[in-house]
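Engineer: Mind folding the following:
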Amino acid sequence: METDIDINITRVESSKLKDINLENIPFGKYFSDHMLEADYENGEWKNVEIKPYQPLVIEPSLAALHYGQSIFEGIKAYKDANGEGYIFRPYDNFKRFNISAARMCMPTIPEEIFMEGMKQLVALDKNWIPSKEDHTMYIRPLMFATDTLLGVRPSDTYKFLILLSPSGPYYTSPMKIYVEEKYSRSVKGGAGFSKNAGNYATSMIAAKEARAKGYDQVLWTDPFEHKWLQEVGMMNVMFIIDGVAVTPELSEGTILNGVTRNSAIVLLKEMGIEVQERRLSIDEIVEAYKKGQLNEVFGCGTAATIAPIKELGYGDYRMPFDVETFKIAAKLRKEMDDIRYARIPDTHNWMVKI
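Structural biologist: As a prediction, this is how the structure comes out:
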């Protein structure tokens, strides 16, 4: 449960918003006027404050730069037709943030700092939430080690930040995806289920090579047989096979427990669509495609929400799709957006009012 927390707030003298057009804005390039900052020292969180967005002063020996203790989350805030602001499922991200912290041997963040700090920060910069469809306020909580010495051990000190970034859509068109058979994103016993910086750093070379082949991203496979499917790029993935929604299971800890993924599963079931969370191989996907049973493929993630896939490439074999026929993905995207923009009742209590 949240408790009262005293957060010192220092406001900017003049907002940067007057120089930015929120109706035409890329993803993740601009940041709002303020940020939240807190420090972990001597076993406790302290110095919680909201202040003008500004550079950090760090030393070259900062532990996070050398040993990778760094985690983050991705959350979105929306405006309804009346200009009221809402955050989508932030408690789920709070819980996942602390799961990531535990895996990376970092301290957990108290709920009152994460949640109340986020709500106060978003309320302060509420005017930065775009009103245009597919445009949102992207919220980025992050934590990193701040000890200043060399040595492979957990840091004793950490910094927690929350940044706000008004953003347009992450993907502006359906994607072409290459099935990755060389590089691996995650292995059982690893940290694939956590949102740590290293997971994203190691994924970049595969994405770069896929783009050189004419694709947008990769569909990750297991590191041993390169046949069992994991994630697509930085998102969970779903396949509609003969009318059934199938998505890779989470039990091995190689896949992120996505908030958008979980929301999609709930809504699909409410639509009367069977959902299967299970092991899924690329061989099954190819066979379903050849039989005409692979109806739709799409990614699920905070940044992209529901992202249709227009082609899968597996070696030399190409599987193109007509995304205009994707009825389930389109309906799922619409229902999720209608909830987020308060166009229909939020029966799941996913939206937290600012």
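Engineer: Could you report the neighbour count for Ala207?
Structural biologist: 19 (other CB atoms under 10 Å). C-beta coordinates here come from the backbone N, C-alpha and C atoms, glycine included.
Engineer: swap that for Leu294, please
Structural biologist: Count around Leu294 with other CB under 10 Å applied: 21.
Engineer: With Ile265 instead?
Structural biologist: Counted with other CB under 10 Å, residues neighbouring Ile265 total 19.
Engineer: my read is it is in a helix, agree?
Structural biologist: Yes - looking at Ile265 with DSSP: H, G, I helix; E, B strand; the rest coil, it is inside a helix.
Engineer: so how far is Ser194 from the nearest residue to it once chain neighbours are set aside?
Structural biologist: Nearest non-adjacent residue to Ile265, counting by CB to CB, 6 or more residues apart in numbering: Val275, 5.2 Å away. Val275 sits 24 Å away from Ser194, going by CB to CB, to the nearest Å.
Engineer: So between those two, which is more surrounded?
Structural biologist: A count of neighbours by other CB under 10 Å puts Ser194 above the other of Val275 and Ser194, at 21 against 16.
Engineer: Could you check how far the more buried one is from Arg96?
Structural biologist: Distance, Ser194 to Arg96, using CB to CB: 8 Å.
Engineer: what does Phe114 give?
Structural biologist: Phe114 sits 11 Å away from Arg96, going by CB to CB.
Engineer: who has more neighbours, these two?
Structural biologist: Here Phe114 and Arg96 are compared on neighbour count by other CB under 10 Å; more neighbours surround Phe114, at 26 against 19.
Engineer: Just the element for the nearest residue to that one once chain neighbours are set aside, please.
Structural biologist: Leaving aside its chain neighbours, Phe114 sits nearest to Phe94 (4.9 Å; criterion: CB to CB, 6+ apart). Assigned by DSSP states H and E, Phe94 belongs to helix 90-103.
Engineer: tell me how far the helix or strand following that helix is from the chain's mean position?
Structural biologist: Following helix 90-103 in sequence order, the next helix or strand is helix 111 (DSSP H and E). In terms of CA atoms, centre = their mean, to the nearest Å, the centre of helix 111 is found 19 Å from the chain centre.
Engineer: One more: stretch 116-125?
Structural biologist: Here stretch 116-125 is found 19 Å from its chain centre; the criterion is CA atoms, centre = their mean.
Engineer: Please apply the same query to stretch 152-160.
Structural biologist: In this view, stretch 152-160 has its centroid 24 Å away from the chain centroid, taken as CA atoms, centre = their mean.
Engineer: Which of the residues in it are classified as buried?
Structural biologist: Ser155, Tyr158, Lys159, Phe160 (16 or more other CB atoms under 10 Å).
Engineer: Could you do stretch 93-103 as well?
Structural biologist: Result for stretch 93-103 [16+ other CB under 10 Å]: buried residues Asn93, Phe94, Arg96, Phe97, Asn98, Ile99, Ser100, Ala101, Arg103.
Engineer: Now tabulate those residues in CSV and tack on distance to Glu311 and pLDDT.
Structural biologist: Shown next, in CSV, are the buried residues of stretch 93-103 (distance: CB to CB, whole Å; pLDDT from 0 to 100):
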residue, distance to Glu311, pLDDT
Asn93, 31, 98
Phe94, 36, 98
Arg96, 31, 98
Phe97, 34, 98
Asn98, 38, 98
Ile99, 34, 98
Ser100, 32, 98
Ala101, 38, 98
Arg103, 34, 98
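Engineer: Distance to Gln69 for these - can I get that in JSON lines?
Structural biologist: Formatted as JSON lines, the buried residues of stretch 93-103 follow (distance: CB to CB, whole Å):
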{"residue": "Asn93", "distance to Gln69": "19"}
{"residue": "Phe94", "distance to Gln69": "19"}
{"residue": "Arg96", "distance to Gln69": "17"}
{"residue": "Phe97", "distance to Gln69": "14"}
{"residue": "Asn98", "distance to Gln69": "14"}
{"residue": "Ile99", "distance to Gln69": "15"}
{"residue": "Ser100", "distance to Gln69": "11"}
{"residue": "Ala101", "distance to Gln69": "9"}
{"residue": "Arg103", "distance to Gln69": "11"}
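Engineer: What distance do you get for Lys269 to Lys188?
Structural biologist: For Lys269, the distance to Lys188 - CB to CB - is 28 Å.
Engineer: meant to ask about Gly214
Structural biologist: Relative to Lys188, and taking CB to CB, Gly214 is found at 32 Å.
Engineer: Likewise for Tyr40?
Structural biologist: For Tyr40, the distance to Lys188 - CB to CB - is 30 Å.
Engineer: Between the two, point out the one with more neighbours.
Structural biologist: Between Tyr40 and Lys188, counted using other CB under 10 Å, Tyr40 has the larger neighbour count: 22 against 12.
Engineer: Am I right that that one is in contact with Lys159?
Structural biologist: Yes - under the criterion of CB atoms under 8 Å, Tyr40 makes contact with Lys159 at 7.4 Å.
Engineer: pretty sure Met336 belongs to a helix, no?
Structural biologist: Yes - according to three-state DSSP, Met336 belongs to a helix.
Engineer: ok, it - contacts?
Structural biologist: Thr260, Ser263, Ala264, Leu267, Thr305, Ile306 (CB atoms under 8 Å, 6 or more residues apart in numbering).
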